[in-house]
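K.L.:
My questions concern the predicted model and sequence given below.
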Amino acid sequence: MDFSPFGAFRSGLNIGFLITQKIASADWGDKTVDKLADFIKKRNLELKGFNRRGFYRMQQFYRTYKNSHFVSSIMT
């Protein structure tokens with residue numbers, strides 16, 4: 001797992017994309033997002049931010065930055 005700032009950014013975009021697509025296609029509803037958050041919380045107590053609020057923030061993050069282009073610095 002990539003714990004760098006860019007890795008966290010990319011993970012947020014990927015999760016946000018998944019949630020956005022699943023909700024838009026009516027495959028998922030609000031209860032499914034709640035169940036996913038509960039599932040992760042029970043199995044990975046050390047993970048933070050993977051709750052209902054966090055998932056919807058990731059979705060908002062995706063919607064905000066989905067068309068942005070980022071360039072990594074030479075130092076990475």
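P.N.:
Good, I have the coordinates. Residues are numbered from 1 along each chain as shown.
K.L.:
only C-alpha atoms for contact and neighbour calcs from this point on.
P.N.:
Noted.
K.L.:
mind listing what R63 touches?
P.N.:
For R63, the contact set (C-alpha atoms under 8 Å, 6 or more residues apart in numbering) comprises G16.
K.L.:
Quick check: phi and psi on N67?
P.N.:
Phi and psi for N67, reported as degrees, to the nearest 10, are phi -100, psi 10.
K.L.:
Roughly how far does it sit from K48?
P.N.:
27 Å (C-alpha to C-alpha, to the nearest Å).
K.L.:
How about Q21?
P.N.:
With distances taken as C-alpha to C-alpha, Q21 is found 23 Å from K48.
K.L.:
quick one: which of these two has more around it?
P.N.:
Neighbours were counted for Q21 and for K48 using other C-alpha atoms under 10 Å; Q21 has more, 14 against 10.
K.L.:
For the closest residue in space to I19 that isn't next to it in sequence, what are phi and psi?
P.N.:
Excluding the flanking residues, the one nearest I19 by C-alpha to C-alpha, 6 or more residues apart in numbering is Q59, at 6.3 Å. Phi and psi for Q59, reported as degrees, to the nearest 10, are phi -60, psi -40.
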